[in-house]
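Asks: Sharing a sequence plus its predicted fold:
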Amino acid sequence: MIKIPIQQIDSTWTLFLDRDGVINYEKHQDYIHTWDEFKFYEGVTEAMSIYAKIFGKIIVVTNQKGVGKGLTKLENLKEIHQNMTQIIETKGGKIDRIYFCPDVEESSPNRKPNPGMGLMSKQDFPSIEFNKSIMIGNTISDMEFGRNIGAYTIFLPTTRPEVSFEDPRIDLVTDSLLTFSNMLINR
């Protein structure tokens, strides 16, 4: 049974997305350092076009510890986000804002699973209602972030197949952004 009221999702809802392992391929035990390393998952731009027609806001929330460790240059991260957004927009999608946390300390209020990036989005977009939001991610940390802001959660097992789909922090499991977008079209 799906715990997410997909029949009710409309332009008053917000979609939160993790980046690596959700929008693009994640590098195993490493970071995406440059645009050349960034590769969209198949169907992402199509899904983002569908989401843009349904959700009022689309927000990316991404931990970027590589920046904090000095392994990824801030200007390269900005280039990745600019190019990613531009390609999504040319295909009819949108990203209203990208929040990233370069902090290396797990206790940072802005580092997922902590709710800081969600709280920043609410400050920037006061119309966001967390109880009318969905967080899509590929880690339990993403699911905990969703719970910490009061959102529904969707787990993509792209990089963590060992995670139990019965975990109570997960409301729905789907294999890709495109699969969930098709669920919304066919509701």
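Replies: Received it, and whenever you're ready, just let me know what you need.
Asks: Pull the number of nearby residues for E42.
Replies: By the measure other C-beta atoms under 10 Å, the count of residues near E42 is 11. Where C-beta positions appear, they are placed from N, C-alpha and C, glycine not excepted.
Asks: can you give me the helices for the protein?
Replies: Ranges of helices within the chain are 44-54, 65-68, 74-90, 116-124, 140-149, 177-185, based on DSSP state H.
Asks: Out of those helices, which one sits most buried?
Replies: Across these, averaging neighbours per residue (mean count of other C-beta atoms under 10 Å) puts helix 140-149 on top, at a mean of 22.
Asks: other SSEs contacting that helix?
Replies: If contacts are counted by 3 or more C-beta pairs under 8 Å, 6 or more residues apart in numbering; DSSP states H and E, helix 140-149 sits against strand 14-17, helix 116-124, strand 133-137, strand 152-155.
Asks: Of those, give the one that comes closest to D30.
Replies: Comparing these by their distance to D30 (C-beta to C-beta), the top pick is strand 133-137, with 18.6 Å.
Asks: angle of that closest one against helix 140-149?
Replies: With axes from the mean of the first three to the mean of the last three C-alpha atoms, to 10 degrees applied, the angle from strand 133-137 to helix 140-149 works out at 170 degrees.
Asks: can you give me the angle strand 133-137 makes with helix 44-54?
Replies: Using the same axes, to 10 degrees, the inter-axis angle of strand 133-137 relative to helix 44-54 is 170 degrees.
Asks: Parallel or antiparallel, which strands does strand 133-137 pair with?
Replies: strand 14-17 (parallel), strand 152-155 (parallel) (DSSP bridges).
Asks: Can you lay out these as CSV showing mean pLDDT and distance to E75?
Replies: Formatted as CSV, the entries for these read as follows, by pLDDT from 0 to 100; distance: least, C-beta to C-beta, whole Å:
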stretch, mean pLDDT, distance to E75
strand 14-17, 98, 23
strand 152-155, 98, 32
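Asks: give the contact list for the residue nearest to T159 when sequence neighbours are not counted.
Replies: What sits nearest to T159 in space, not counting adjacent residues and going by C-beta to C-beta, 6 or more residues apart in numbering, is G21, at 4.5 Å. If you count contacts by C-beta atoms under 8 Å, 6 or more residues apart in numbering, G21 has them with 137-139, 156, 158-160.
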